[in-house]
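Undergrad: sequence? don't have it. structure:
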């Protein structure tokens, strides 16, 4: 009961002294008339009830009300269009957008030059896109509950939050479920996307051509892919959780100069991390656990630093096919490998022997999948023993010259552990036929 009052008081304190408070009742056309008659800076306080949309806010205003104040677009276009700077939409329920992908129909849309919009503590339910930040600078999307459509084909749904060419956007403390991508950020920069919860989506966070920005403290549970950084430079990706995601936890695809640190990926993804044609990234202090492949490293990725990470219980710790050695330690500190039988006689936390996660048989199995029928054969085991005993016979590949003896620990709050277990139990019931990680045409 106190929360709406607190939000109202905060909004009122930020307004000019001449701003008026106008109460709006859910009469036919009443909200549109109230907006048309309001002066810049006025506060429109919506009473509980259903208001007919769509509506356009074309002057600096604050719309505030309880969750029982419902603005319904009745399936026509975008429900609330913000077309002026310094607009606040707070505490409302927004539903009933159209389903036209070409027009990016949304619950709330922030247009170009509608700078400094604040969309806070709303319930944005059942729209094609939830919040579309479409050109406005320095928008804040905070504390909203966003639930998208549940069209059987995931690629035909909209995004929870869509950011296009909107520098300075801050997206924080939102809960996003269903729809297509939790946050899809395209052709933008200088954004901060932090402390959001994403469930039952295609990608939790999906970057395309988004530079100089931060993705931190987010939680992805039971999505097809957690955090995909594509064609983007100088991204900070830190302290995120990918729990029981299906395909990938973290993807760096044509991503350069990224800082990837403190992230946890666990729970059976096909690949904890996929590094594809990504250069000059520093990847440290992460924990990759229980995946089919810990890191798939390919396509000529160069000058990356991997140090202080933990690779725990992955069926294949590293998949890399190459003819030269790649060093995965930095300044005398490597990574922790759960399958490295190392000793630390010096007591400095660094194993006394180097570690190679792959051997010749791995290379053969990756290039000739039919050879997997021979993995239990004595000849194959003899080759693997020989290579472990005589490292000079090993092919090119990843080398960790200073493996760690202790894995970094990344705690998971109990409320997320419970959701993770539920997502894992439901995984076999998911419909995955429409998901293609290589289908970039549907973005």
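TA: Everything's here; your move. Keep in mind that this is a model prediction, so the values were computed, not measured.

Undergrad: CA atoms for contacts and neighbours, from now on please.
TA: OK.

Undergrad: quick one, helices of the stretch 251-400 of the chain?
TA: For the stretch 251-400 of the chain, the helices defined by DSSP state H, counting those that start in this stretch occupy 360-367, 378-389.

Undergrad: Next secondary structure element downstream of the one helix or strand residue 220 maps to?
TA: Secondary structure assigned from DSSP states H and E places residue 220 in strand 219-221. Heading C-terminal from strand 219-221, the first helix or strand you meet, by DSSP H and E, is strand 225-230.

Undergrad: who does the following helix or strand past that following strand pair up with?
TA: Scanning forward in sequence from strand 225-230 by DSSP H and E, the next helix or strand is strand 235-238. Each strand paired with strand 235-238, and its direction, by DSSP bridges: strand 213-216 (parallel), strand 259-261 (parallel).

Undergrad: Other residues contacting the longest one?
TA: What it means is strand 213-216. Identification of contacts with strand 213-216 by Cα atoms under 8 Å, 6 or more residues apart in numbering yields 189-195, 234-240.

Undergrad: so which of the residues you listed would you say is closest to residue 40?
TA: residue 191 (27.7 Å; Cα to Cα).

Undergrad: Would you check that the closest one makes contact with residue 212?
TA: Yes - with contact defined as Cα atoms under 8 Å, residue 191 counts as touching residue 212 (7.5 Å).

Undergrad: Dump the strands paired with strand 235-238 into TSV; add distance to residue 285 and mean neighbour count as well.
TA: Below are the strands paired with strand 235-238 laid out as TSV (distance: least, Cα to Cα, whole Å; neighbours: other Cα atoms under 10 Å):
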stretch	distance to residue 285	mean neighbour count
strand 213-216	14	22
strand 259-261	5	21
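
Undergrad: quick one: the most centrally placed residue in the chain from residue 298, how far?
TA: Closest residue to the average C-alpha location of the chain: residue 205 at 2.4 Å, with Cα atoms, centre = their mean. Residue 205 sits 22 Å away from residue 298, going by Cα to Cα, to the nearest Å.

Undergrad: Who are the contact partners of residue 179?
TA: 128-129, 147-151, 154, 157-160, 200-202.

Undergrad: Oops, could you answer that again for residue 233 instead?
TA: Neighbours of residue 233 in contact, by Cα under 8 Å, 6+ apart: 209-212, 255-258.

Undergrad: Quick check: mean pLDDT of stretch 30-48?
TA: Average pLDDT, stretch 30-48: 96.

Undergrad: With stretch 238-257 instead?
TA: The model assigns stretch 238-257 a mean pLDDT of 97.

Undergrad: That stretch: how far from the chain's middle?
TA: Centroid separation for stretch 238-257 versus its chain: 8 Å, with Cα atoms, centre = their mean, to the nearest Å.

Undergrad: Helix or strand with the lowest mean pLDDT in this protein?
TA: helix 360-367 (a mean of 48; mean pLDDT, DSSP states H and E).
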